[in-house]
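Chemist: Below is the sequence, then the predicted model.
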Amino acid sequence: MSLLQNSLYKNIATQLCKKYPNIFPGYNLNEILFLEENEKTPKNKFYDVKAIKEPYSFTTQQKFIITYYVNNLSTLTNAQKNILIMESLMKVDLDNEKIINFDSKGFYTIFAKFGVDFLENNSVEDPLK
């Protein structure tokens, strides 16, 4: 396993939070650790979101870890990657320190704007444009 901290994901997340304040109101991205995994790659998985819980939570100000699987993301366009980063952020509830399992509202936000087939659509709109 090779986990690395990568500021690229935090930079994209920052841009998404600025562009969509109604979706990400007051998000403090310093509470999220953005990692990439470039060796161990689960099949059909682009990211994982985990809460940092006891006994480790006292060691860091971060409350969540989002790990992006580089090998799976490498085949996607920047727009598709940005949508997945947006999706991963939507799973984080910083106020209540919990992970949100998508409900119809969460899926609707992504699907209404980018389509249900955004992973197969190489010309999908980039959420940062």
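Modeler: Thanks, I have it.
Chemist: Where does pLDDT dip in the chain?
Modeler: Applying pLDDT under 70 to the chain flags residues 1, 103-106.
Chemist: quick one: the helices in it?
Modeler: 7-19, 70-73, 78-90, 104-114 (DSSP state H).
Chemist: Buried ones in the first one, by neighbour count?
Modeler: By that I understand helix 7-19. For helix 7-19, the neighbour count (16 or more other C-beta atoms under 10 Å) marks Tyr9, Lys10, Ile12, Ala13, Leu16, Cys17 as buried. Backbone N, C-alpha and C define where each C-beta goes, glycine included.
Chemist: ok, now the shortest one?
Modeler: Residues of helix 70-73 classed as buried under the neighbour-count rule (16+ other C-beta under 10 Å) are Val70, Asn72, Leu73.
Chemist: of all these, which comes closest to Glu125?
Modeler: Checking these against Glu125 by C-beta to C-beta gives Leu73 as the nearest, at 18.2 Å.
Chemist: For Ser123, see how far away Met86 is.
Modeler: To Ser123, Met86 is 18 Å away according to C-beta to C-beta, to the nearest Å.
Chemist: chain center to stretch 59-67, what's the gap?
Modeler: 13 Å (C-alpha atoms, centre = their mean, to the nearest Å).
Chemist: My error: substitute stretch 87-99 in the last question.
Modeler: 10 Å.
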